[in-house]
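Student: Sharing a sequence plus its predicted fold:
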Amino acid sequence: MTDTVRVRPVEQADLAAWTPLWDGYNAFYGRAGATALSPAITAVTWGRFFDANEPVFALVAESAGRLVGLTHYLFHRSTTRIEPTCYLQDLFTAPDARGQGVGRALILGVYQAANTAGVREVYWQTHATNSAGRLLYDKVAKHAGYIVYEHEV
């Protein structure tokens, strides 16, 4: 599939095809049913991709006229770099397209976008149980060994 996958910026017309991928991504991380994201969060997230004042971007992977993957990333300041850094926040491949190079193509698309923006570092996190994703991530990046803590306030 890698020969037929095209990675491109998301377009307004992609909403209907993007939504099931977004829902699948969220379900993978336990945000479905009673724990699903509020529709307002999805609407605001979607709108940010098209707001020139927002540092949030989206790429989609298209194959045979169908969206088969998505990635969302953002640029932000860092206390250890002069230039911004890039956080690859979301990455999802449709289940029937997994193992065919879609995830790799999307990550490389983020690398290219970061490079074009003058950003030298892209980083992301995943759940420790995401063994399939980690097989790919270990091929395209290095695990820095960090442990993530979080607290809702």
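Tutor: It's in.
Student: Provide the strand pairings for the helix or strand where residue 89 lies, with the direction of each partner.
Tutor: Using DSSP states H and E, residue 89 sits in strand 85-93. If you go by DSSP bridges, strand 85-93 pairs up with strand 66-76 (antiparallel), strand 122-123 (parallel).
Student: Quick one: closest of those to residue 113.
Tutor: strand 66-76 (7.2 Å; C-beta to C-beta). (Glycine included, C-beta is placed from N, CA and C.)
Student: how much distance is there from the closest one to the middle of the chain?
Tutor: From the chain centre to the centre of strand 66-76 is a distance of 4 Å (C-alpha atoms, centre = their mean, to the nearest Å).
Student: One more: stretch 133-151?
Tutor: Its chain's C-alpha centre and that of stretch 133-151 lie 14 Å apart, by C-alpha atoms, centre = their mean.
Student: what's the answer for stretch 24-44, then?
Tutor: Offset of stretch 24-44 from its chain centre (C-alpha atoms, centre = their mean): 15 Å.
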